[in-house]
Each structure stands twice: as structure tokens, then as C-alpha cells.
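[1] Structure of the sequence below:
(one chain, ligands or ions: 3)
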Amino acid sequence: MKRNVAVLGCQWGDEGKGKIVDLLAAEADIIARSQGGANAGHTIIVGDTKYVLHLIPSGIIHPGKICYIGNGVVIDPFGLKEELDFLAEKGIDYTGRLFVSAAANLVLPYHKLIDAVEERNRGTESIGTTMRGIGPAYVDKVARNGIRVADLFAPDRLRNRLEYQLKIKSVYLAGSDDERANINLTFEKLQELVPLFKELARDVSLELTRAIKNGKSILFEGAQGTMLDVDLGTYPYATSSNTTVGGVLTGLGLGPKAIEEVVGVVKAYTTRVGAGPFPTELVDRTGEKLRDIGDEFGATTGRPRRCGWLDLVALRHAVRINGVDSIAVTKLDVLDSFSEIKICTGYSLNGEDLSEVPLDLAELCHVKPVYTSMDGWNSDTTGITKFDDLSENARDYLRYIADDLEVKIRIVSTGAKRQETILV
Ligand code: GDP
Ligand code: IMO
Ligand code: MG
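    Ligands and ions are numbered 1, 2, ... in the order given. Predicted structure coming up:
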């Protein structure tokens, strides 16, 4: 039976959502992104070809699948054009199967400039953003100063709204010789993209609702992860959107029953890129080993990712908030050569045991992880496609996670390639 499935990151992003979405896209008719922007970097490897997508849903790699970018996404129009050119270079024909919401806000060059200035101003408290202008674009949206896709089709309105930015952002833009502060140039460059956006712009809420009524199945592709959610993550060390399940609905204009199943993507250990609390972080040789074997470098910025053991406390938070039905555990193979594997089962704060993530950042910064230790499996799981072919210790590790989180394991990923997967 076809179902509408949401695939959401349960940690701090980079869980392997791109790979899982690509895998599940084979069964779906439509793949939709609902939040975030080009801060996302979703990697898909098919055969010898590697694709890194930032804005375009990972389903685009499958010929014939329809892809939507919803109103909740902040779209960098120039970035989108670059990504389309990249797909064309790789021989992927996207014509007539990628659409964007006319109500989506745009990320414009001045947002990236402001992102950089704000990060500088934060000094030692900088977030370590991706510098893709995400925060400033969402600020404009919420302040009702944003420029949306539909504004591209009304040149006078576009010009007025761009000129208005000079007034409200004078502290950033006035007197700047940075090209990104040049509103006239931005207007001119946007004109070149108008024909493209005329092709792409749709009422995504309406089209998806009709598709659901017509029995089509939709795969919702989350970006970032639960712990980066602006409300429920490690604020202020978070992104600026709701990365959790609610964001799927508001970001696409759908009712609550549109999602029939939630698949949480869980990396077999934890990574985080950028600043902020990370209780199980390993700043030692074990952490370096995870980074080396897992090739943990950002798909968007190339920054080294911080690495640590699996954190069940953070995962309980993600499972609860998203109503996760089942999980996809990725990168199991990265743990193959660790003789001891630790799992964080609780936090300790000033002698008190915690089983849930404290909402006060100051507390989260001071918790100490409480670990349970397991023997590793010391065998190569790369490319294994059957659960029973995993060694006993690897199966025990997975069962321990599923039992604690009270979820089913639906997928285990044993390598970056599409076929390196166990469907449980
Ligand atoms: P996303 O942002 O959640 O889509 O994840 P990223 O693409 O940023 O990072 C995940 C990285 O892990 C990518 O380089 C993937 O190619 C890779 N990857 C995904 N699944 C596996 C796996 O099971 N094993 C290994 N070794 N690599 C994987
Ligand atoms: P995917 O979809 C990992 C992090 C940044 C920074 C914080 C805020 O590939 O999992 P932003 O640019 O959003 O204002 O940065 O959020 N971040 C991500 N980390 N994966 C992502 O996306 C991320 N998108 C943003 O590193 O700490
Ligand atoms: Mg990523």
C-alpha cells in the first residue's frame, strides 16, 4: 500500500537523509521539501556518480518523479539555478517535474552578507552558520519584509520591496562596497531568472492536496535535524526553521493527516557541525577516528564535523516530538573497527540523573553523558543487505537502540551507495 512518508533527521543534521530519501523515492510519486534552504547538503551516490543537493529534493535523481519545494523553504534563486545546471551537466532531465511554491520567500545576496556580519558580531558566541543567508531570510519572512517567488513576476513591486530593504537594513547595507549590498544589481540579476521561475512557480499546497486525493504517494524530505529546530532544538545554536514534523505541514500547506508515517533518520553515532552543546562529543582520538572513517566533512561547507557516540537522550526527544514510527539507522559500517562502542543512555547534571534533554541551554551545556558500553563487532558490514548477515554484536547494537526508543528499525544503511542497504 502506498503511503505518505516523512523522512526527518533525528540528530543535528547530516544523518544521511539524502540517501534514505533517494531509496524510498523509488516507491513514491512525489518528493517534497518543506523547510530550510541551501544550508542543507544531501548526498546521494548512485553507481559512481555522487550528487550533493541543497534545495532540490533528492527524489529528482529518479527519472519521472515529481518534486516540489514548498512555501516553508527559503529559496536562493541563484543557488537554485546553479543546482539545476549541475543536474543538467549530470544528464538529469528535470523539465516539467520540479515546481516551487509561489509563496516561498527568497534568500537574496544581502541575506548572505547579513549572515556574515551577524556571525562576526556574535564574536565568541557565533553559531557557525552555513553562511547561506538562512537566518536573515527567515527573519525577513516573519517580520513581513520578505520577497517571495510571486514578487518576481511584478517588477514594480519587486523593485519597491528591494528598495525598502535599503531603509530597514541600512546598518548592514549603507556605504557597503560589497556587491551583495547592491540592490540595483540584485534586481537586474533577478530579471534573468524570471522566465525560469515562471516555469517553476505553482500553488504547491493545492497541487499536493489534489495529488493526495488522487491516491498519489508523497515523500516528505526533511532538512537539518531535530536538535537544530528553532523551537525545540539547542536554541540559539540552531537553524531558523522548524525541522521537526510540524514544519512539514506548515511548509507545504497540508492538513495533519497528510503524513501517514514518520521515518526518523539516525546516524549510528552522532555528529554536529557548527557551535553549540553536544553532550557526547569526543574531542580525542576516538572522535578523530569517527571523523576519518565516516568522512565527516560538511556537504555544504566542507567543515569538519564534530563527532561523538550515539545519544539516546537526544533521540528520545526527536522520537517524541516527531511522532517517529520507525527509524533508518545509517553509517553502521563506520563503527566496524571499534572494539568498544558506547551509547549514551542518560545525562547527569550536578549529581542528578536526567533521561530527557533539558530545555535550558545552560543546563544542557553542563550535562555529562552516562554511557553503557558494548563490545564492537570487529567485522566488515559494508554493503550487507540482510539483517541476519550482520554479526550478533551489530544486531544487538541495533536492537538496543530500537528497544530504548520503542520504534521499529525499517532500514539499516551499510554504505553510502543506494544498494548498500538492509530493508528490515
Ligand atoms: P544528509 O544531510 O542527512 O542528507 O546527510 P549528508 O549527505 O550531509 O551526510 C551523510 C554522508 O554520509 C554522505 O557523505 C553520504 O554519502 C554518507 N552516507 C550515507 N549513508 C551512509 C552509510 O550507511 N555508510 C557510509 N559509510 N556513508 C554513508
Ligand atoms: P542537512 O539538511 C548539519 C547548522 C549549521 C549551524 C546551524 C545554523 O544537510 O542535514 P544556518 O546556516 O542554518 O543558519 O546554520 O545549523 N546546519 C546544519 N548542520 N546539516 C544541515 O543540513 C545543516 N543546516 C544547518 O552548521 O550550526
Ligand atoms: Mg547534510
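
[2] Now do the helices in this structure.
    Taking DSSP state H as the criterion, the chain carries its helices at 17-25, 77-89, 109-122, 134-142, 155-168, 170-173, 183-200, 204-213, 245-250, 285-294, 312-322, 361-366, 392-405.

[3] now the ones you listed as TSV including mean neighbour count and distance to Ile341?
    From N, CA and C alone the C-beta is placed, and that goes for glycine too. Shown next, in TSV, are these (neighbours: other C-beta atoms under 10 Å; distance: least, C-beta to C-beta, whole Å):
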stretch	mean neighbour count	distance to Ile341
helix 17-25	25	22
helix 77-89	17	37
helix 109-122	19	35
helix 134-142	21	34
helix 155-168	14	51
helix 170-173	15	47
helix 183-200	15	46
helix 204-213	17	41
helix 245-250	22	29
helix 285-294	16	10
helix 312-322	23	13
helix 361-366	15	24
helix 392-405	17	6
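
[4] Just tell me which of those ends up closest to ligand 3.
    helix 17-25 (6.9 Å; C-beta to the ion).

[5] still on that earlier bit, possible to save the helices of the chain as a markdown table with mean pLDDT?
    Listed next are the helices of the chain as a markdown table, based on pLDDT from 0 to 100:
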| stretch | mean pLDDT |
| --- | --- |
| helix 17-25 | 98 |
| helix 77-89 | 97 |
| helix 109-122 | 98 |
| helix 134-142 | 98 |
| helix 155-168 | 97 |
| helix 170-173 | 95 |
| helix 183-200 | 98 |
| helix 204-213 | 97 |
| helix 245-250 | 98 |
| helix 285-294 | 98 |
| helix 312-322 | 98 |
| helix 361-366 | 96 |
| helix 392-405 | 98 |
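
[6] Using TSV, please lay out those helices together with distance to Arg97.
    Output for those, formatted as TSV (distance: least, C-beta to C-beta, whole Å):
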stretch	distance to Arg97
helix 17-25	12
helix 77-89	11
helix 109-122	28
helix 134-142	26
helix 155-168	27
helix 170-173	37
helix 183-200	11
helix 204-213	12
helix 245-250	21
helix 285-294	33
helix 312-322	28
helix 361-366	42
helix 392-405	36
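
[7] so can I have TSV of those helices showing distance to ligand 3?
    Converted to TSV, these look like this (distance: least, C-beta to the ion, whole Å):
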stretch	distance to ligand 3
helix 17-25	7
helix 77-89	14
helix 109-122	18
helix 134-142	14
helix 155-168	30
helix 170-173	28
helix 183-200	23
helix 204-213	23
helix 245-250	16
helix 285-294	13
helix 312-322	16
helix 361-366	23
helix 392-405	21
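
[8] and ligand 2, which of those is closest to it?
    helix 134-142 (4.2 Å; C-beta to the nearest ligand atom).

[9] Does Thr382 touch Gln419 like I think?
    No. Using C-beta atoms under 8 Å, Thr382 makes no contact with Gln419, being 11.6 Å away.

[10] Show me which residues of the protein sit near ligand 1.
    9, 13-19, 41-43, 45, 299, 330-331, 333-334, 413-416 (C-beta under 6 Å from any ligand atom).

[11] Please name the residues that touch Thr421.
    With contacts defined as C-beta atoms under 8 Å, 6 or more residues apart in numbering, Thr421 is in contact with Leu23, Thr385, Ile411, Val412, Ser413, Thr414, Gly415.

[12] Ignore what I typed, I meant Tyr110.
    Contacts of Tyr110 by C-beta under 8 Å, 6+ apart are Gly133, Pro136, Gln165, Lys169, Tyr172, Leu173, Arg180, Ala181, Ile183, Thr186.

[13] Tell me the confidence at Lys2?
    Note on Lys2: pLDDT of 65.

[14] and what of the one 10 residues further on?
    pLDDT for Trp12: 98.

[15] how about the nearest residue to it, chain neighbours excluded?
    Arg272 (3.9 Å; C-beta to C-beta, 6 or more residues apart in numbering).

[16] any idea how far that neighbour lies from Leu196?
    Going from Arg272 to Leu196 by C-beta to C-beta, to the nearest Å gives 35 Å.

[17] cool, Arg303 as well?
    Taken as C-beta to C-beta, the span from Arg303 to Leu196 is 31 Å.

[18] same deal with Arg285?
    49 Å.

[19] now Lys213
    29 Å.

[20] again, but for Glu89
    Taken as C-beta to C-beta, the span from Glu89 to Leu196 is 16 Å.

[21] per the record, what domains does this structure have?
    4-100+202-262, 105-197, 266-423 (automatic domain parsing).

[22] Would you list the phi and psi of the closest residue to ligand 2 within the stretch 251-400 of the chain?
    Here the stretch 251-400 of the chain gets closest to ligand 2 at one residue, Gly274, 2.2 Å apart by C-beta to the nearest ligand atom. Main-chain dihedrals, Gly274, degrees, to the nearest 10: phi 100, psi -180.

[23] how about the residues of this structure that lie near ligand 2?
    So the chain meets ligand 2 at 9, 12-14, 39-42, 127-130, 132, 134-135, 223-225, 228, 239-240, 273-274, 299 (C-beta under 6 Å from any ligand atom).

[24] among those residues, which are in strands?
    The members of those that map onto strands under DSSP state E are Gly9, His42.

[25] can you pull out the strands in the stretch 251-400 of the chain?
    261-267, 270-272, 306-308, 310-311, 326-330, 340-349, 352-354, 368-375 (DSSP state E, counting those that start in this stretch).

[26] can you tell which of those is closest to Ala318?
    Closest to Ala318 of the strands of the stretch 251-400 of the chain, according to C-beta to C-beta: strand 261-267, at 6.0 Å.

[27] Just the closest residue of the stretch 51-200 of the chain to ligand 3, please.
    For the stretch 51-200 of the chain, C-beta to the ion, closest residue to ligand 3: Val52, 8.3 Å.

[28] Likewise for the stretch 301-424 of the chain?
    Counting by C-beta to the ion, the stretch 301-424 of the chain gets nearest ligand 3 through Arg305, at 9.4 Å.
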